[in-house]
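S.K.: A predicted structure for the sequence below; I have some questions about it.
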Amino acid sequence: MHKFNYLLPAFLILVSGLFHPAIAFDIQDQNEEQIIGIRVAPPFVIKAEDGSYSGLTIALWEHIADQTGVDYSYQERSIQGLIEGVENGELYASAAALTITSEREEIVDFTHPFYVTGLGIAVSYQSAGIWQSLMAMFSIDFLWVLFLLLLLLLFWGFLVWIFERKENSAEFGGTAAEGVGSGFWWAAVTMTTVGYGDKSPRTFGGRVVGFIWMFTAIIVISFFTASIASSLTVTQLDSRISGPEDLPFVRVGALEQSATLAYLEEERIRATSYASISEGLRAVKENEIDAFVHDAPILQYSTQIEFRNRIRVLPNTFKDQYYGIVLPLNSSYRNEMNQVILDYIAGDEWNDLVNRYMGD
């Protein structure tokens, strides 16, 4: 009878494990080789030509396995396969660039976040032809900079005319309009260092104005040159999309099965799904879509490797993304992994890895 009392609980645990894979999974022999689900997503998971893997997440997982004594092998899966594989007990864990979401938390657990980022928007560079360059000359930004420059020249021309209009009437005399016009000409040739010499201040006050303007003009010309160049450059880029507020009005793409696609659906933004990041970015390059939305660091890495000078990622991010390693619900090894992760990401080695893969 006593033996039966010991055997019955063990039998019930074994039977319950058959109906609850997470429980059965947790009581596996830790000495067995465990399967870790991954998905190639540079720079978090990078696959080399020889079939080996590297990347930020791979480095983190290998540190965890070393600290916890887990023997493992990698198995590539789709995003959905990574989640479902952990849920049904086929995978010990999934380590990639997986975003922690409330929907996923209903069927699996996550470790503490090891990386925080946001969504980015990839758009194409617009090749600027002659017509576009000419149109840029009449953009609002360019005209505004030009107006400020003319206003500044008029101000210094007026100042020198105030001092020169009587004692130097030969060069700055005549009507007020003629005198100020001469002062404007003098200010322009002085600023550009052309200095024709047909107009020059003779009075003490006029020369003080001229002295100050010559040194001020050095700074002014540098500032306005940079402003004009920036205005022309920005006009040549695709100006239709400047942030997430523009997405409802353009053609958008996103990675299939991703948290990004779910977010776009929640925001009622129609999006075309693509099987890979490369396919989505290629669609942007070929003008099939206007923007591809995904996690910013992955977009930045992919555009630099495959689409340099053809696709750019907008500088601002939105909708924070928290990456974690996927574990079974109520996993017995979750706390141990969390401790290892928290210790690791607080150290210098992790910072060096982030700088290495992210280029920060």
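M.R.: Yep, that arrived.

S.K.: Mind jotting down where the strands sit in the stretch 151-300 of the chain?
M.R.: 252-255, 271-274, 291-295 (DSSP state E, counting those that start in this stretch).

S.K.: Buried residues, the last one. List them.
M.R.: Buried residues in strand 291-295, defined by neighbour count with 16 or more other C-beta atoms under 10 Å: 291, 292, 293, 294, 295. To be clear about C-beta, it is placed using only N, CA and C from the backbone, and glycine gets the same treatment.

S.K.: Show me the contact partners of that strand.
M.R.: Residues outside strand 291-295 that contact it (C-beta atoms under 8 Å, 6 or more residues apart in numbering): 97, 99, 117-123, 241, 246-247, 250-255, 258, 260, 264, 271, 274, 277, 280-281, 283-284, 299, 321.

S.K.: Nearest to residue 325, out of the buried residues of strand 291-295: which one, please.
M.R.: residue 295 (16.0 Å; C-beta to C-beta).

S.K.: what about that closest one, distance to residue 306?
M.R.: In this structure, residue 295 and residue 306 are 16 Å apart, going by C-beta to C-beta, to the nearest Å.

S.K.: Which segments of the protein make up each domain?
M.R.: 2-114+324-358, 131-236, 239-320 (automatic domain parsing).

S.K.: tell me the mean pLDDT over the second one?
M.R.: So the one you mean is domain 131-236. The pLDDT scores in domain 131-236 average 80.

S.K.: which residues touch residue 340?
M.R.: Residue 340 neighbours (C-beta under 8 Å, 6+ apart): 63, 64, 67, 68.

S.K.: backbone phi and psi for the first one, please?
M.R.: The phi and psi values for residue 63, taken as degrees, to the nearest 10, are phi -70, psi -40.

S.K.: ditto for the one 5 residues further on
M.R.: Comment: the main-chain dihedrals of residue 68 come out as phi -100, psi -10, following degrees, to the nearest 10.

S.K.: was I right about it contacting residue 336?
M.R.: Yes: under the criterion of C-beta atoms under 8 Å, residue 68 makes contact with residue 336 at 5.9 Å.

S.K.: What's the local residue count around residue 308?
M.R.: 9 (other C-beta atoms under 10 Å).

S.K.: I'd like the strands of the stretch 151-300 of the chain as a markdown table, with mean pLDDT appended.
M.R.: A markdown table is the format used below for the strands of the stretch 151-300 of the chain (pLDDT from 0 to 100):
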| stretch | mean pLDDT |
| --- | --- |
| strand 252-255 | 95 |
| strand 271-274 | 94 |
| strand 291-295 | 95 |
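
S.K.: Kindly reformat these as JSON lines and extend each row with distance to residue 215.
M.R.: Putting those into JSON lines (distance: least, C-beta to C-beta, whole Å) gives the following:
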{"stretch": "strand 252-255", "distance to residue 215": "51"}
{"stretch": "strand 271-274", "distance to residue 215": "55"}
{"stretch": "strand 291-295", "distance to residue 215": "47"}
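
S.K.: show me what contacts the most centrally placed residue in the chain?
M.R.: Centroid-nearest residue in the chain: residue 296, 4.1 Å away (criterion: C-alpha atoms, centre = their mean). Taking C-beta under 8 Å, 6+ apart, we find residue 296 in contact with 117, 118, 119, 120, 313, 317.

S.K.: Filter those residues down to the buried ones and express that as a ChimeraX selection.
M.R.: A single ChimeraX command selects the buried members of the contacts of residue 296 (16+ other C-beta under 10 Å):
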select :117,119,120,313,317
